[in-house]
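Trainee: one predicted model, sequence on top.
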Amino acid sequence: MANTKSALKRAEIAERNRLRNKAYKSSVKTLMKKYLNAVTVYAANPTPELKQEVQSKLSEAYSKIDKAVKRGVLHPNNGARKKSKLAGRLKPLTQTAE
């Protein structure tokens, strides 16, 4: 346990930041899963409505990843890797449809 007042305060701040970071990481994972599920549905039955839904979910996931990187929750390379993974899942489907 912390012995000084400043060490106690730093411990409290670290815990608060840990919980905030955990929430960001969790929401990034959730949005990625929703996007990947939408891509799977779109691959089974490519329609313009489903493509629009996939694009909106991709936009949401990108936005959350960018915010997490901006706040220091994710390393910039980690964020770029996640975004690349998401884009890579959709690219083969849109190229075959064109």
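Mentor: Sure thing, it's come through.
Trainee: which secondary structure elements does the biggest helix by length in the chain sit against?
Mentor: Using DSSP state H, we find that the single longest helix of the chain is helix 5-44. On a contact count with 3 or more C-beta pairs under 8 Å, 6 or more residues apart in numbering; DSSP states H and E, helix 5-44 meets helix 48-70, helix 76-97. All C-beta spots, glycine's among them, are computed from the backbone N, C-alpha and C.
Trainee: contacts for the shortest one, please.
Mentor: This means helix 76-97. Identification of contacts with helix 76-97 by C-beta atoms under 8 Å, 6 or more residues apart in numbering yields 28, 32, 35-36, 39, 42-43, 46, 51, 54, 58, 61-62, 65-66, 68-69, 74.
Trainee: please, a PyMOL command that selects the buried ones among these?
Mentor: Applying 16 or more other C-beta atoms under 10 Å to these, the buried members can be selected in PyMOL as follows:
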select buried, resi 28+32+35+36+39+42+51+54+58+61+62+65+68+69+74
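Trainee: just the CA atoms of the lowest-mean-pLDDT helix or strand in the chain, as PDB, please.
Mentor: Ranking every helix and strand in the chain by mean pLDDT, DSSP states H and E puts helix 76-97 at the bottom, with a mean of 89. The C-alpha trace of helix 76-97 is given here as PDB (Å, rounded to 0.1, in the frame of the first residue of the first chain):
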ATOM      1  CA  PRO A  76      -0.600   4.000 -33.000                       C
ATOM      2  CA  ASN A  77       0.700   0.900 -34.800                       C
ATOM      3  CA  ASN A  78      -1.800  -1.300 -32.900                       C
ATOM      4  CA  GLY A  79      -4.600   1.000 -34.100                       C
ATOM      5  CA  ALA A  80      -3.300   0.900 -37.700                       C
ATOM      6  CA  ARG A  81      -3.100  -2.900 -37.600                       C
ATOM      7  CA  LYS A  82      -6.700  -3.200 -36.400                       C
ATOM      8  CA  LYS A  83      -8.000  -0.800 -39.100                       C
ATOM      9  CA  SER A  84      -6.000  -2.700 -41.700                       C
ATOM     10  CA  LYS A  85      -7.500  -6.000 -40.500                       C
ATOM     11  CA  LEU A  86     -11.000  -4.500 -40.800                       C
ATOM     12  CA  ALA A  87     -10.400  -3.100 -44.300                       C
ATOM     13  CA  GLY A  88      -8.900  -6.400 -45.500                       C
ATOM     14  CA  ARG A  89     -12.000  -8.300 -44.600                       C
ATOM     15  CA  LEU A  90     -14.200  -6.200 -46.900                       C
ATOM     16  CA  LYS A  91     -11.900  -5.600 -49.800                       C
ATOM     17  CA  PRO A  92     -12.100  -9.000 -51.500                       C
ATOM     18  CA  LEU A  93     -15.900  -8.900 -51.300                       C
ATOM     19  CA  THR A  94     -16.200  -5.500 -52.900                       C
ATOM     20  CA  GLN A  95     -13.700  -6.300 -55.700                       C
ATOM     21  CA  THR A  96     -15.600  -9.400 -56.800                       C
ATOM     22  CA  ALA A  97     -18.900  -7.500 -56.800                       C
END
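Trainee: cheers, nothing more for now.
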